[in-house]
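Chemist: could you work out the structure for the sequence below:
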Amino acid sequence: MNILITGGAGYIGSHTCIALLGAGHKVIVADNFYNSAIETIDKIQEVTNKKIIIYKNDITNYFELESIFNENPIDGVIHFAGYKAVDESIKRPLDYYYNNVLSTINIAKICTKYNVKKIVFSSSATVYGNNMPPFVEKMKLQPSINPYGETKVMSERILMDMVNANFTFKVSILRYFNPVGAHESGLIGENPNGKPNNLMPYITQVAKGKLEKLRVFGNDYPTIDGTGVRDYIHVMDLAEGHVAALNNIKQGTNIYNLGTGKGTSVLELVNAFEEANNVKIPYEITSRRPGDIAQAYADPSKANKELKWEAKRDLLSMCRDAWRFEKNNKTL
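Modeler: Down below sits the predicted model:
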């Protein structure tokens, strides 16, 4: 199939490009490179020895998006593009609502117009709000505790309503947790522009000496060691989950958690990184970060059963692959 990937040069999008190309699909990427680098496309092509069609487009602009559909036959869309930092969304809520929700509206409109019936949407575990883990897909969504999560809730509902109005459409909504790691080649990985918003790039930048120490946001949560617990999943497992969702897509709206089903605390991840790479990570405890919750981890059994997918790579592999990429990364 010819698959349009919005945000395809980003962290998860780039790894999904590799997984899609490896599965025999053709890839078209739309990205405005707000939080990614165009050089990533070259690295994807180097890893796969396959070509990608690339558009430097902002999909909040409907006419820029439509130009892609005018110039290419599109069989399906994987929609990653969006702002993604919880703490930033609290400071810049209007930017998040505009960018994330409008881009989803445009995807829904263009797919309806061009009769592209397969859509895979990159959602998030943040839609579960203050529900108690393990999170299951049938849970009633809580009012989100940050604007980023609320944009994901809104986008899910937009796509559900689109399907209700166009019953032949097929939409898979993937709620995933905390992707870490990198492709085993070491050529692509998580490389945010500016200050990292996720834990692993902070750890790797401390290991590399770019940052003096890791800040741990709170150690008074009701968890095993007081630090926040998350379901860390290798980014290539996550990428393969998107291919499985696309290849097994069914009529209507289908929602899946993509995670390992196991919670890991911040300090457990730090210890795993030190063990995997024989590198010391100095850290300091600071105050809690607004919008964070104590624990978030998945019940992935529905995806395991219906998509024939499961996370296979362990925590040490995630840490080794992340560090390999960081050591190879010449931009830092």
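Chemist: how far does the host helix or strand of Ile203 sit from its chain's centre?
Modeler: Ile203 belongs to helix 199-208 when assigned by DSSP states H and E. In terms of Cα atoms, centre = their mean, to the nearest Å, the centre of helix 199-208 is found 18 Å from the chain centre.
Chemist: buried residues in that helix?
Modeler: 199-207 (16 or more other Cβ atoms under 10 Å). Glycine gets a C-beta too; all of them are placed from N, C-alpha and C.
Chemist: and stretch 204-221, by the same measure?
Modeler: In stretch 204-221, counting by 16+ other Cβ under 10 Å, buried: 204-207, 211, 214, 216-219, 221.
Chemist: I'd like the average pLDDT over it.
Modeler: The average pLDDT within stretch 204-221 is 95.
Chemist: now for it, what's the gap between its first and last residues?
Modeler: Stretch 204-221 has an end-to-end distance of 24 Å (Cα to Cα, to the nearest Å).
Chemist: stretch 84-99 too?
Modeler: End to end - Cα to Cα - stretch 84-99 spans 10 Å.
Chemist: mean confidence for that stretch?
Modeler: 93.
Chemist: by contact count, what packs against the lengthiest helix in the chain?
Modeler: The longest helix of the chain (DSSP state H) is helix 147-165. Packing partners of helix 147-165 (3 or more Cβ pairs under 8 Å, 6 or more residues apart in numbering; DSSP states H and E): helix 86-91, helix 93-96, helix 102-113, strand 118-124, strand 170-176, strand 252-258.
Chemist: need the CA coordinates for the first one. CSV is fine.
Modeler: In CSV, the C-alpha atoms belonging to helix 86-91 read as follows (Å, rounded to 0.1, in the frame of the first residue of the first chain):
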residue,chain,number,x,y,z
VAL,A,86,2.7,17.6,28.6
ASP,A,87,4.4,20.4,30.5
GLU,A,88,4.6,22.6,27.4
SER,A,89,0.9,22.1,26.7
ILE,A,90,0.1,23.6,30.1
LYS,A,91,2.1,26.7,29.2
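Chemist: and that helix, which residues are buried?
Modeler: 86, 88-90.
Chemist: and which of these is nearest Arg320?
Modeler: Val86 (26.8 Å; Cβ to Cβ).
Chemist: surely that closest one is in contact with Gly149?
Modeler: Yes. Look at Val86 against Gly149 with Cβ atoms under 8 Å: they come within range, at 7.4 Å.
Chemist: what sits in contact with each of the two?
Modeler: Counting by Cβ atoms under 8 Å, 6 or more residues apart in numbering, the contacts common to Val86 and Gly149 are Thr126.
Chemist: quick one on the thing from earlier: identify the residues contacting the helix holding Ile203?
Modeler: 178, 180-181, 190-192, 196, 211-215, 230, 266, 269-270, 273, 277, 279, 281-283, 318, 322-323, 325-327, 332.
Chemist: returning to what we had before: would a markdown table of the buried residues of stretch 204-221 with distance to Leu238 be doable?
Modeler: Conversion of these to a markdown table gives the following (distance: Cβ to Cβ, whole Å):
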| residue | distance to Leu238 |
| --- | --- |
| Thr204 | 18 |
| Gln205 | 22 |
| Val206 | 24 |
| Ala207 | 22 |
| Leu211 | 25 |
| Leu214 | 23 |
| Val216 | 24 |
| Phe217 | 23 |
| Gly218 | 26 |
| Asn219 | 28 |
| Tyr221 | 25 |
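Chemist: if we can go back for a sec, could you list the buried residues of the longest helix of the chain?
Modeler: 147-156, 158-159, 162-163.
Chemist: tell me the one among those residues nearest to Asn99.
Modeler: Nearest to Asn99, judged by Cβ to Cβ, of these is Thr151 at 8.1 Å.
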